[in-house]
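# Sequence first, predicted coordinates after that:
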Amino acid sequence: MSEKKLRSVVMSKWIKTKVLLERIEVRPFIPDTRKFSNSTLRKMLDLYSMVYVKPEKGSFGKGVIRAQLLKSGKYTYQMGTTEKTFGDYESFLSSIQNITKKKSYLIQKGIHLLKYNKRRFDIRVMVQLNPKGEWETTGLIGRVAHPEKIVTNYHSGGKPMDVKPLLAAHTSNSEIQKVIHTLKELGVTTAKCLHKKYPGFKQIGLDIGLDHSWTPWIIEVNTNPDPYIFNQLKDKSMYKKVIRYRKTAVK
């Protein structure tokens, strides 16, 4: 694969989503995701009541909008710490269009994430080619959203945390081990699927959200994940391994 083509895959959330939807192994874990359009936004709000509108190309959670159809029939959205509510769809849509303008955006089914101290969290799963050229999950870290924001990204005020206390707030120690095993396996499977279509990647970071049924939803796949978030953990062993594999990945 040419460097230019690889870069386009790295940047486009839509291309990565379509590639993964082709694979039966990971398809059940991909939230319904579609290209943004006026009619699609309304349709998906009717289906799911809550969706995320996100730039096709972008990082750090910038420009992400959570849109909702309330039981009252009103429409509301939040971006950053700003929330707006509308009594009709047309005004709601017009306001969102002022943000999206002519840029390419996606709409994704909203996942009602598990919370820790009333704050949403998801889990970053780091998967890398190890020195033997095999895919291996090398790191898991929780990302707890800022209390006033909708995204969990560290660069947007999210707090990196050890996964275990986040899960312990909802389940037993034995179940935690099962969840961690599932996340590690899903990470490796996803890496293999993406790598089969586009060889050249040496690491990926999956942002996985857990809902109350414990389904591991793949919210996003980052093909150039930040390894330094793992340095935020008190135990540095995970960070050291991630950095070591990053340096010694098979060409």
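Nice, thanks for sending it over.

# And this protein, split by domain according to the record?
Domain segmentation of the chain under automatic domain parsing yields 3-30+113-248, 33-109.

# Surely residue 71 is in a helix?
No: looking at residue 71 with DSSP: H, G, I helix; E, B strand; the rest coil, it is coil, so not inside a helix.

# In terms of mean pLDDT, which of the domains of the chain ranks lowest?
Least confident of those, judged by mean pLDDT, is domain 3-30+113-248 with a mean of 89.

# just the helices in the stretch 101-250 of the chain please.
163-168, 173-197, 237-248 (DSSP state H, counting those that start in this stretch).

# And those: which comes nearest residue 92?
Nearest to residue 92, of all these, is helix 163-168, at 33.2 Å by CB to CB. Using the backbone N, CA and C atoms, a C-beta is placed for each residue, glycine as well.

# What residues sit buried inside the closest one?
By neighbour count on 16 or more other CB atoms under 10 Å, the buried set for helix 163-168 is 163, 166-167.

# could you say what helices and strands it packs with?
Here helix 163-168 touches strand 119-129, strand 135-144, helix 173-197, going by 3 or more CB pairs under 8 Å, 6 or more residues apart in numbering; DSSP states H and E.

# got those as CSV, with mean neighbour count columns?
Formatted as CSV, the helices and strands packed on helix 163-168 follow (neighbours: other CB atoms under 10 Å):
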stretch, mean neighbour count
strand 119-129, 25
strand 135-144, 21
helix 173-197, 16
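
# Make TSV out of the ones you listed and add distance to residue 87.
Output for those, formatted as TSV (distance: least, CB to CB, whole Å):
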stretch	distance to residue 87
strand 119-129	27
strand 135-144	33
helix 173-197	41
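
# nearest to residue 109, of the ones you listed?
With CB to CB as the yardstick, what comes closest out of these is strand 119-129 (14.6 Å).

# tell me which strands and helices the closest one is in contact with?
strand 135-144, helix 163-168, helix 173-197, strand 203-210, helix 237-248.

# which one of the buried residues of helix 163-168 sits closest to residue 128?
residue 163 (17.5 Å).

# Please point out which parts of stretch 234-241 sit buried.
Buried residues in stretch 234-241, counted by 16+ other CB under 10 Å: 238-239, 241.

# should've said stretch 13-33
Within stretch 13-33, judged by 16+ other CB under 10 Å, the buried ones are 13-17, 19-20, 23, 26, 29-31, 33.

# Which of the residues you listed fall in strands?
If you go by DSSP state E, the buried residues of stretch 13-33 have residue 33 in strands.

# now, among the buried residues of stretch 13-33, which is nearest to residue 189?
residue 26 (6.0 Å).

# Touching, that closest one and residue 192? I think so.
No: using CB atoms under 8 Å, residue 26 is not in contact with residue 192; the gap is 9.5 Å.

# How about residue 104, nearest residue that isn't a chain neighbour?
The spatially closest residue to residue 104, leaving aside those adjacent along the chain, is residue 56, at 4.1 Å (CB to CB, 6 or more residues apart in numbering).

# next one: residue 184
Spatial nearest neighbour of residue 184, excluding adjacent residues (CB to CB, 6+ apart): residue 137 at 4.0 Å.

# got the contact list for the one you found?
125-127, 183-185, 187-188 (CB atoms under 8 Å, 6 or more residues apart in numbering).

# what's across from it in the sheet?
Beta-bridge pairing for residue 137 (DSSP bridges): residue 127.

# Roughly how far does it sit from residue 129?
According to CB to CB, to the nearest Å, residue 137 stands 12 Å off from residue 129.

# quick one: secondary structure of residue 76?
Per three-state DSSP, residue 76 ends up strand.

# and it, how many neighbours does it have?
As a burial measure, residue 76 scores 16 neighbours (other CB atoms under 10 Å).

# So it is in contact with residue 65, correct?
No: taking contacts as CB under 8 Å, residue 76 lies outside contact range of residue 65: 10.6 Å.

# ok, back up a step: which of the buried residues of stretch 13-33 lies closest to residue 211?
residue 31 (9.9 Å).
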